[in-house]
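# What follows is a predicted structure for the sequence shown.
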Amino acid sequence: MKKVLTVVAVASAMALVVGTGSAVNAANHKKAIKIELISKGETAEFWQAVKKGAEDQAKKMGNVTVRFQGPATETMIDVQLSMLDGAIATKPDAIGYAALGTTESVSRLAKAKAKGIPVYMFDTAAKCEGKLGPKSKCALGVAYTNSKKSASLAADKMAALLPDGGKVLVVGHTQTNQTGTDRRDGFVNRIKAKYPKITLLPVQYAEGGDQAKAQDVVAAALVANKDLKGIFGTNEGVAIGAGQAFKAAGIANGSVKLIGYDSGKAQIDNIKSGLQQGAITQSPLGIGAKTVEALVNFVRNKKTPKPLIDTGFYYYDATNIDNPEIKGNLYQ
C-alpha cells in the first residue's frame, strides 16, 4: 500500500511539474509585447489600412500592444526621425519602421539594435550596409510590395490602352525614398524596353504625394501638351490630384488615360465613372499584419523572419473592381 501511495505521489508530482511547465509555456506564449510602428504618414487612407492590419494582427496574436504613428506628410523626414528617436527611448519590445529617407535613419536603427530592440521594416527599407537579417545593423527584414514589378505591370496596362503610342507623363510622389524611385523606374524602364511607340515626357513630382501639387503639375502638363495621351501617378495622392486636374480642365473620360497607385474612395469613384482607367493596389492590411507577425514571432518564439516578405499587388479597373480578390485589397 505504501508503495502504491509512493507511486501515486511521484505521478502526482510529475503531473504538477508538467502542468506547471505547460502553464509557464502558455504564459511565455502570451507574454505582453509592446510594438512601436513608425510609418511614413498617418492621415492617408493607405496608412490607415496598414494600421488596421497591424492592430488586427496584434489582437489575433494576443497580449500585443501596437502604437502606430507617422508624420502629417511624407516629406517630413525630420519629424519621422524624431518619432523614431522617441520610440527607441521608450524601450519597446520591437519596432516596425517605414523609411522616408534612404540613409538618414541607419544610425538610429543601429542604436536600436545595440539596445536589443529588434526592428522589422515595412513598405520601404532604409539602405543599410549589407543584407537585411539578424546580422544587419538596420533590421531583420522588410514587408513590402515589389514596387518595380508592380509599376512594370502599370506600364503594360498603359501600353495596352495606347496601341498607337503617344506622349505619357509620370508624376512621382517622391525622389527621396526607394518606394517612390522604384515605382518611377519600374514604369519608365518597362516603357523604354518594350513600347517604342510611347514617348515619355520628363518625370515630374508632387513631393509627398500632395494632391494639390499633383493637380497643379497635371494641369500644367495638359496645357503644355495638347497631345498628351497618358499619365501614371505613383501614389494615391498623385492619382487623386490628377483626377482633379482632369475634372477642372473638362477632360473627356478616356481621352487621356490615367493609371494610379494604391486605392481610396476618390480613385475607386474615378475608375467606376471612367475618368481613371485603373490602378495598382497593394495589400496594406497585409503589410501591417506581416510586420506585426514577424516581430511577435521573433520576440516570443525566437523565430527569425524572412528578410523579404512580398505582400503582393493587383491591377484593378472597372472590369474587376468588384471581384472578391480585388475588393479585399481595396480601402476607402
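Right, received. Where do you want to start?
# Okay, strands next: where are they in the stretch 51-200 of the chain?
Along the stretch 51-200 of the chain, counting by DSSP state E, counting those that start in this stretch, strands occupy 64-69, 94-97, 119-122, 142-144, 166-172, 198-200.
# Which among these is found nearest to Ala252?
Comparison of the strands of the stretch 51-200 of the chain against Ala252 by Cβ to Cβ identifies strand 166-172 as nearest, at 15.6 Å. C-beta coordinates here come from the backbone N, C-alpha and C atoms, glycine included.
# okay, the closest one in CSV with CA atoms only?
Once side chains and other backbone atoms are set aside, the C-alpha atoms of strand 166-172 remain, and they are given as CSV (Å, rounded to 0.1, in the frame of the first residue of the first chain):
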residue,chain,number,x,y,z
GLY,A,166,1.7,58.8,-77.8
LYS,A,167,3.0,61.0,-75.0
VAL,A,168,2.9,59.8,-71.4
LEU,A,169,3.8,61.6,-68.3
VAL,A,170,4.9,60.0,-65.0
VAL,A,171,4.1,62.1,-61.9
GLY,A,172,6.1,60.8,-58.9
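# For it, name the packing helices and strands.
Contacts of strand 166-172 with other secondary structure elements, assessed using 3 or more Cβ pairs under 8 Å, 6 or more residues apart in numbering; DSSP states H and E, are made with helix 178-194, strand 198-200, strand 204-205, helix 211-224, strand 228-233, helix 236-249.
# could you check the angle helix 211-224 makes with that strand?
Per axes from the mean of the first three to the mean of the last three Cα atoms, to 10 degrees, the angle that strand 166-172 makes with helix 211-224 is 160 degrees.
# And for strand 166-172, what's in contact with it?
The list of residues contacting strand 166-172 from outside it, by Cβ atoms under 8 Å, 6 or more residues apart in numbering, reads 158, 162, 180-181, 183-184, 187-188, 191, 197-201, 203-206, 214, 217-218, 221, 225, 227-234, 238, 242.
# Now the buried members of those.
Among the contacts of strand 166-172, those classed as buried by neighbour count (16 or more other Cβ atoms under 10 Å) are 158, 162, 180-181, 183-184, 187-188, 191, 198, 200-201, 203-206, 214, 217-218, 221, 225, 228-234, 238, 242.
# Same list (the strands of the stretch 51-200 of the chain) but as JSON lines, adding mean pLDDT.
What follows is those, written out as JSON lines (pLDDT from 0 to 100):
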{"stretch": "strand 64-69", "mean pLDDT": "98"}
{"stretch": "strand 94-97", "mean pLDDT": "98"}
{"stretch": "strand 119-122", "mean pLDDT": "98"}
{"stretch": "strand 142-144", "mean pLDDT": "95"}
{"stretch": "strand 166-172", "mean pLDDT": "98"}
{"stretch": "strand 198-200", "mean pLDDT": "98"}
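# what are the ranges of the helices in this protein?
Per DSSP state H, the chain has helices spanning 2-29, 45-61, 77-89, 106-114, 147-161, 178-194, 211-224, 236-249, 265-273, 284-301, 324-327. These are given in chain order.
# so which of these gets nearest Lys257?
Distances from Lys257 to each of the helices of the chain were compared using Cβ to Cβ; the shortest belongs to helix 147-161, at 4.6 Å.
# Now that closest one: buried residues?
147-148, 150-159, 161.
# same check, this time on stretch 257-270
257-264, 266-268, 270.
# Stretch 314-332 too?
For stretch 314-332, by 16+ other Cβ under 10 Å, it's 314-317, 321, 326, 329-331.
# Show me what stretch 323-332 is in contact with.
Surrounding stretch 323-332, the residues in contact under the criterion Cβ under 8 Å, 6+ apart are 45-46, 48-49, 263-265, 268, 281-286, 314, 316, 320-321.
# can you give me the offset of it from its chain's centre?
Stretch 323-332 sits 16 Å away from the centroid of its parent chain (Cα atoms, centre = their mean, to the nearest Å).
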